[in-house]
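# no sequence on this one, just coordinates:
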């Protein structure tokens, strides 16, 4: 269970960073999932920040999960 939480947290973190890089530098055009979501609209920057924070929180919280 701990590895699953770490993996999910890492994936959320990477998607958030990829979305931020796409917003700021126009990189990772095909890697970012956030820009493909129709419900995000014009709030993709804030969604990417939320993904980065949530991914970091899940990775930190995975230390509390017992094996």
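Structure's in. What do you need? Everything numeric here is computed off the predicted structure, so don't read it as measured data. Numbering: from 1, shown residues only.

# in stretch 34-46, which residues are buried?
Residues of stretch 34-46 classed as buried: 34-35, 40, 44 (neighbour count, 16 or more other Cβ atoms under 10 Å). Glycine gets a C-beta too; all of them are placed from N, C-alpha and C.

# please work out the average pLDDT along the helix or strand harbouring residue 15.
Taking DSSP states H and E as the definition, residue 15 sits inside helix 2-25. Helix 2-25 carries an average pLDDT of 90.

# quick one: distance of that helix to the chain centre.
On the basis of Cα atoms, centre = their mean, to the nearest Å, helix 2-25 sits 3 Å off its chain's mean C-alpha point.

# helices or strands up against that helix?
Packing partners of helix 2-25 (3 or more Cβ pairs under 8 Å, 6 or more residues apart in numbering; DSSP states H and E): helix 44-61.

# for the helix it packs on, name the packing helices and strands.
Counting contacts by 3+ Cβ pairs under 8 Å, 6+ apart, helix 44-61 is packed against helix 2-25.

# hmm, who's touching the helix it packs on?
Defining contact as Cβ atoms under 8 Å, 6 or more residues apart in numbering, one finds that helix 2-25 is touched by 27-29, 31-35, 44-45, 47-63, 65-67.

# one more time with 7 Å
Residues outside helix 2-25 that contact it (Cβ atoms under 7 Å, 6 or more residues apart in numbering): 27-29, 31-35, 44-45, 48-49, 51-52, 54-56, 58-59, 61-62, 65, 67.
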